[in-house]
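Asker: Kindly return the folded structure for what I paste below:
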Amino acid sequence: MTTLLEGLNPQQQEAVQHVDGPLLIIAGPGSGKTRVLVHRIAYLVRDLGVRPWRIVAVTFTNKAAREMKERLERLMGPQAHDLTMGTFHATCAMLLRREGDAIGLDRTFTIYDDEDQQDVIKQVMEELEIDPKRYKPQAILATISNAKSQLLTAEEYRLRVQNYFEEVVSRVYQRYQELLDRGNGVDFDDLLLKTYLLFHYHSDVLERWQERYLHVMVDEFQDTNVAQYAIARQLAGKHRNLCVVGDPDQSIYSWRNADIRNILSFQRDFPDAKTVNLAHNYRSSRTILEAASAVIAANTQRIPQHLTTSNPQGTPITVTEAYNEEEEALFILREVMRLAKTQHHSYRDCAVMYRTNAQSRALEEACAREAVPYKLVGGVKFYQRREVKDVLAYLRVISNPGDEVSLARILNVPPRGIGTKTVDQLTFMARARGLSLYATLEGLEQAHPAENLPWTPRSNKALTGFVHLLQGLRQESQRLQVADLVEAVVEQTGMRAHLKADRQDGEERLENIAELKAAAGEFNTLEPKEGLATLLERAALMSDVDKLDEEQQGITLITLHQAKGLEFPVVFIAGMEEGLLPHIRAIRDEDPAQMEEERRLCYVGMTRAKERLYLTHAFRRGFGGRGEPRIASRFLSDLPRQLIEAPTASTPPPVPRRRADLSPLPEPANTTSQKSPLKAGDKVHHPRFGEGIVVRCIPARDDHEVTVAFGNGQGVKRLLLSYAPLTRVQG
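Answerer: The predicted structure is shown next:
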C-alpha cells in the first residue's frame, strides 16, 4: 500500500498532516484541493487510526461529494462507507431525519423545491390579499431565504422590520412558515436553520454529535452562508478540529446568500488556526494563469497569493469581437470544428460559458445549424419535468400526507373530473374546519348523505375515489420496494394510459418515468420506507451539474456560475461586454462588492481552461429585439497585451514569455507612464461607427482606453485601442 503523502507537493503534505486544531487551506484554482481533502481523510483513518464514522466532510455539490467518495474507496476500501460525506443540505437533512422530533419535525418531512416554495408563497399572498404585481412573489421568497440564511426565524425577522416592504415580507414569512410546518415540510433554507436551532436549543443533541465528529471538514468554504458556518462551528465546538478549504477569489454565490466574510474572517474567529496556501496550479497553461491573475488582482476583498505552475507557457489567449450574438456563436462553432479537425481536440473537450441563461439561445441555434452536438447545462432539470414531478408528488403524499402542495398538484392528475373550483372549495372547507387537505378528503367518506357539500355528486365521487386510491398506495408502500412503488403509482393512477394516449410527446414522457423508475431501483436494497425517503431526498437536492455526463460527446453550454468546479481543455467565454460581464446590476448599483464578485466570476471562468482560452464579445446584441450596441468588458483591459492573440491581420502574434518552473506569476504592470497615442480633440474613423471625436484616451494596463463621440446617432463609445480598428483622420 502506497504512502498517502507520495506525490503531494510540500504544501499539500503540510495540509494533510496538520490534524490538531483549526486549519484554513487557501486553495487556488487547479491546485489539487480535492486530492488534499481525500488524502487528509485517508491519512486520519489509515495512519492515525481515527474511526471513519468520526469524520464529517461537507462539500458544495453532490458531484463533488461523489468524486471524493470514489477516490476514498480506492484509498480506504469499505471503510469509506462509514464516513459522513455529502452536501451541507444533505448532511443537515440526515441530522433532521434522526433528531428532528426534538423540535417537532416528523422524520417523514417533505423537502419543498423552488417551484413548491413559490406555490406556497402565491397561496399566502392571495390569502393575505397582497398584490403580486406590486410585490413580486420571487422577491419576497428571496428575502425570506436571505433571512433564514442569516438565522432569522419569522418572529426574529418581524422584530427587525424597518420599512413597509419588510413588513409585507414579515407577514408572508409568518404564514408561509405556518403552512410549511403544518404540512410537515421544509424548504432548503429550513434544512440549515432548523439544524442550527436543533443544536442551539437542545444541548444534549449537540453534545452527542460533537462527541461523534472528532474532525469536521468544509470544502468550498468561500461559498458558505452564515447558517452553514454556524453549524460547522457548532459541530466542531468540542474538539475544535475544523478544517476549511476555499479560495476567496472564487466566491461567486452571494445571490445564494454565500458570505465571503466567512473565509476572510476565519483567522480572526480562530486566532490559533494554521493557514496553508495551495498556490501551485496543475490545470492551466502559464498564459491562462497570468491572464486570470491580472484580472483578479484589481479586487480588494481577497487573500493575495501568487499562483505558480510547471505547465508550459501555452498558446496565447484569443480575444475577438463579432458583429452580433449570431456571428459570435458562429465564430465559436467554427473554431470548435477547426480544433476538432486539426488540433486533436474532441467536441467534449470544449465548453462555452456565459453570464446569463438567455445567451444559450444563439449558441443552441448555431449548434443545430452546424450539426454540432451539445450538452446544455441548466435546461429543464430531469426532476422538474412535468410527468416526473407528477409521480414524485404522488410519492411525496404517500410518504407525507400533510404535504398539501403535492396533494393539490395531483388531485386532478391525470384528469379525474376534479376542477379548479372544486379544489378551491375543498381548500376553503379544510381551512374552515382547521384540518389538512388529506384529513378533509378522508372525512368525505364519513359525510352524511344529507350534508350540504359545495360540489356535485360526481365531483364527490371523484374525490372519494381519489382518497381510496391514495390509501391503497400508502398501504402498498409499506411492503413494495421503491421502484415497484413507482410502477404501482403509474399504473393505478391511470397515468400510463393517459400518457400513451398523448401522441405528441407521450412516448418521451413515459421514457422519463422509466428513467425515474431506474433511479429508484438504486434504493431497492433499503427497507421500503427508507428507500422512498432516500429517493425523494435525492430528487429534492439534485442540481444540474450533478447530472453532467462528461463522457457524452458534444460541446458543453454552461453558465459561469454552474461551471465552477469543472475544467475543460478548451474554454470560450461569450458575452465579454459591459452589462453582461460585468452584469448590468453591478454597474447600475455602483456597488463595489457586486463588481468584485463579477470580476471573481470572470476569474473562475478563465481558470476552468486547461490549454486554450477564447474571450468573445459582440458589437451589437439583440436581447429583447433591441440589438443595442455594446462596449467591450472592462475586464478585457486588465489582460496583459503580450498574452493576447487577437484574430486580426493588424495584430502581431505575441512572443510567449518563458520563465523557470514554479516561479510566481507577475503582478499587473504599471502603465501610468505610457504616452497616449491619441488625445482629446483628435478625429478618428471606425469602420462600423463612422467618424468621431476623441473625448479622452487613458492608459489601461498594457493598453489604452479611448472614449469617442461618434456622429450619425452612434453616440459615445468606450473602446480598447488595441481591439478597436480606429484610424486617425487628418484635418
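Asker: name the element residue 697 belongs to?
Answerer: For residue 697, the element it lies in under DSSP states H and E is strand 690-700.
Asker: who does that strand touch, helix- and strand-wise?
Answerer: Applying 3 or more C-beta pairs under 8 Å, 6 or more residues apart in numbering; DSSP states H and E, we find strand 690-700 packed against strand 683-686, strand 703-710, strand 715-720. (Each C-beta comes from the backbone N, C-alpha and C, glycine too.)
Asker: closest one to residue 555 among these?
Answerer: Nearest to residue 555, of all the helices and strands packed on strand 690-700, is strand 715-720, at 27.9 Å by C-beta to C-beta.
Asker: helices and strands around that closest one, which ones?
Answerer: strand 690-700, strand 703-710.
Asker: would you turn these into a markdown table with distance to residue 716?
Answerer: Converted to a markdown table, these look like this (distance: least, C-beta to C-beta, whole Å):
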| stretch | distance to residue 716 |
| --- | --- |
| strand 690-700 | 7 |
| strand 703-710 | 5 |
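Asker: okay, those strands, which one's buried deepest?
Answerer: Mean neighbour count (mean count of other C-beta atoms under 10 Å) peaks for strand 703-710 among the helices and strands packed on strand 715-720, with a mean of 20.
Asker: tilt between that strand and strand 715-720?
Answerer: Between strand 703-710 and strand 715-720, the angle formed by their directions is 170 degrees, by axes from the mean of the first three to the mean of the last three C-alpha atoms, to 10 degrees.
Asker: mind exporting strand 703-710 as CSV, just the C-alpha atoms?
Answerer: Below are the C-alpha coordinates for strand 703-710, written out as CSV (Å, rounded to 0.1, in the frame of the first residue of the first chain):
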residue,chain,number,x,y,z
ASP,A,703,-3.3,49.1,-23.5
HIS,A,704,-5.3,52.3,-23.8
GLU,A,705,-8.9,53.0,-23.2
VAL,A,706,-10.3,55.6,-25.7
THR,A,707,-13.6,57.4,-25.4
VAL,A,708,-15.0,58.6,-28.7
ALA,A,709,-18.1,60.7,-29.5
PHE,A,710,-19.4,59.4,-32.9
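Asker: low-scoring stretches of the stretch 251-400 of the chain, by residue?
Answerer: 378-382 (pLDDT under 70).
Asker: Distance check, the nearest residue to residue 212 once chain neighbours are set aside against residue 213.
Answerer: Residue nearest to residue 212 in three dimensions, not counting chain neighbours: residue 54, with 6.2 Å by C-beta to C-beta, 6 or more residues apart in numbering. As defined by C-beta to C-beta, to the nearest Å, residue 54 lies at a distance of 6 Å from residue 213.
Asker: Same check on residue 587?
Answerer: With the distance defined as C-beta to C-beta, residue 587 ends up 44 Å from residue 213.
Asker: ok, these two, which is more surrounded?
Answerer: For residue 587 versus residue 213, the count of surrounding residues by other C-beta atoms under 10 Å is larger for residue 213: 19 against 15.
Asker: what's the residue lying closest to that one once chain neighbours are set aside sitting at in phi/psi?
Answerer: Excluding the flanking residues, the one nearest residue 213 by C-beta to C-beta, 6+ apart is residue 56, at 4.7 Å. Backbone dihedrals for residue 56, given as degrees, to the nearest 10, come out at phi -120, psi 130.
Asker: Who does residue 56 form a beta bridge with?
Answerer: In this structure, residue 56 bridges to residue 84, residue 216 when assessed by DSSP bridges.
Asker: So for it, what pLDDT did the model give?
Answerer: Predicted confidence (pLDDT) for residue 56: 96.
Asker: now do residue 457
Answerer: Predicted confidence (pLDDT) for residue 457: 80.
Asker: Neighbours of it, how many?
Answerer: Counted with other C-beta under 10 Å, residue 457 comes out at 9.
Asker: show me what contacts it?
Answerer: For residue 457, the contact set (C-beta atoms under 8 Å, 6 or more residues apart in numbering) is empty.
Asker: Between strand 690-700 and the helix or strand bottoming out on mean pLDDT in the chain, find me the angle.
Answerer: The helix or strand of the chain with the poorest confidence is strand 715-720; it has a mean of 74 (mean pLDDT, DSSP states H and E). If you take the same axes, to 10 degrees, strand 715-720 sits at 40 degrees to strand 690-700.
Asker: quick one: buried residues of strand 715-720?
Answerer: 717, 718, 719, 720 (16 or more other C-beta atoms under 10 Å).
Asker: Please enumerate the strands of the stretch 1-150 of the chain.
Answerer: Along the stretch 1-150 of the chain, the segments classed as strands by DSSP state E, counting those that start in this stretch run 23-27, 55-59, 84-87, 110-111.
Asker: right, and those - which one's nearest residue 711?
Answerer: Nearest of the strands of the stretch 1-150 of the chain (C-beta to C-beta): strand 23-27, 51.5 Å.
Asker: where along the stretch 151-300 of the chain do the strands fall?
Answerer: Under the criterion DSSP E, counting those that start in this stretch, the stretch 151-300 of the chain contains strands at 185-186, 215-218, 242-246, 274-278, 280-281.
Asker: Which residues are in contact with residue 464?
Answerer: Contact analysis of residue 464 by C-beta under 8 Å, 6+ apart lists 441, 444, 445.
Asker: between those residues, which has the most around it?
Answerer: So for the contacts of residue 464 (other C-beta under 10 Å), the most neighbours sit at residue 441, 23 neighbours.
Asker: Tell me where the stretch 501-650 of the chain has helices.
Answerer: Remark: helices assigned in the stretch 501-650 of the chain by DSSP state H, counting those that start in this stretch are 506-521, 528-541, 560-563, 584-589, 592-606.
Asker: quick one, what contacts residue 199?
Answerer: So residue 199 contacts 205, 206, 209, 231, 234, 235 (C-beta under 8 Å, 6+ apart).
Asker: that older thread, let's have the helices of the stretch 501-650 of the chain in a markdown table, adding distance to residue 682 and mean pLDDT.
Answerer: What follows is these, written out as a markdown table (distance: least, C-beta to C-beta, whole Å; pLDDT from 0 to 100):
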| stretch | distance to residue 682 | mean pLDDT |
| --- | --- | --- |
| helix 506-521 | 61 | 81 |
| helix 528-541 | 59 | 86 |
| helix 560-563 | 37 | 91 |
| helix 584-589 | 27 | 84 |
| helix 592-606 | 30 | 93 |
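Asker: can I get these in a markdown table with distance to residue 461?
Answerer: Output for those, formatted as a markdown table (distance: least, C-beta to C-beta, whole Å):
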| stretch | distance to residue 461 |
| --- | --- |
| helix 506-521 | 27 |
| helix 528-541 | 29 |
| helix 560-563 | 48 |
| helix 584-589 | 53 |
| helix 592-606 | 56 |
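Asker: could I get the helices and strands packed on strand 690-700 as JSON lines with distance to residue 250?
Answerer: Formatted as JSON lines, the helices and strands packed on strand 690-700 follow (distance: least, C-beta to C-beta, whole Å):
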{"stretch": "strand 683-686", "distance to residue 250": "37"}
{"stretch": "strand 703-710", "distance to residue 250": "26"}
{"stretch": "strand 715-720", "distance to residue 250": "26"}
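Asker: between these, which one is nearest to residue 621?
Answerer: Counting by C-beta to C-beta, residue 621 lies closest to strand 715-720 out of those; the figure is 14.5 Å.
Asker: ok now the closest one, how far from the chain's centre?
Answerer: Centre-to-centre, strand 715-720 and its host chain are 34 Å apart (C-alpha atoms, centre = their mean, to the nearest Å).
Asker: swap in stretch 574-586?
Answerer: 19 Å.
Asker: ok, now stretch 187-201?
Answerer: 21 Å.
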